[in-house]
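Participant: A structural model of the following input is requested.
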Amino acid sequence: DVQLQASGGGLVQAGGSLRLSCAASGFTFDDYAIGWFRQAPGKEREGVSCISSSDGRTYYADSVKGRFTISNDNDKNTGYLQMNSLKREGTAVYYCAVDMTDGCESFDYWGQGTLVTVSS
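Facilitator: Sure, this is the predicted structure:
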């Protein structure tokens, strides 16, 4: 079974940093794209970042460019989202997901979310 487990969320002050992890099992991690999404209270889910395993291309939402960094450790079957200079609007449940076509377009499996709360 394909499983994704996001972790690393918590309470952080504005301007601080967190690193989220996405532990994957049931598939070969370095064959597919891993994406990160978030859903803030009362808002729709939005894409944050994605990394393509085949060529390492990365994508970022404009709202996080220059502050967030996505990466993978294929040996550990784990993806990461390093979040720096966090803003209050970054408060959300963060999810990781896998795109089996490696295109960062259509995500097939999702992990449970991890809550990030950014305080002023």
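Participant: Now the nearest residue to D99 once chain neighbours are set aside: phi and psi?
Facilitator: Using C-beta to C-beta, 6 or more residues apart in numbering and skipping residues adjacent in sequence, the residue nearest D99 is A33, 4.1 Å away. Glycine gets a C-beta too; all of them are placed from N, C-alpha and C. The phi and psi torsions at A33 (degrees, to the nearest 10) take the values phi -90, psi 140.
Participant: Could I get the contacting residues of A33?
Facilitator: Shown in contact with A33 (C-beta atoms under 8 Å, 6 or more residues apart in numbering): 50-53, 98-99, 101-104.
Participant: Neighbouring strands of the helix or strand where A24 lies in the sheet, and parallel or not?
Facilitator: Using DSSP states H and E, A24 sits within strand 18-25. Its sheet considered, strand 18-25 pairs with strand 3-7 (antiparallel), strand 78-83 (antiparallel) by DSSP bridges.
Participant: And the pLDDT at the spatially most central residue of the chain?
Facilitator: Within the chain, one residue has its C-alpha closest to the average C-alpha position: by C-alpha atoms, centre = their mean, that is W36, at 2.7 Å. The score at W36 is 98. That number is its pLDDT.
Participant: which ones are touching it?
Facilitator: Under the criterion of C-beta under 8 Å, 6+ apart, the contact partners of W36 comprise 20, 22, 47-50, 70, 79, 81, 94-97.
Participant: Considering those, which is situated nearest to G111?
Facilitator: In terms of C-beta to C-beta, no member of the contacts of W36 lies closer to G111 than C96, at 4.9 Å.
Participant: Go ahead and confirm the closest one touches L4.
Facilitator: Yes: judged on C-beta atoms under 8 Å, C96 makes contact with L4 at a distance of 5.4 Å.
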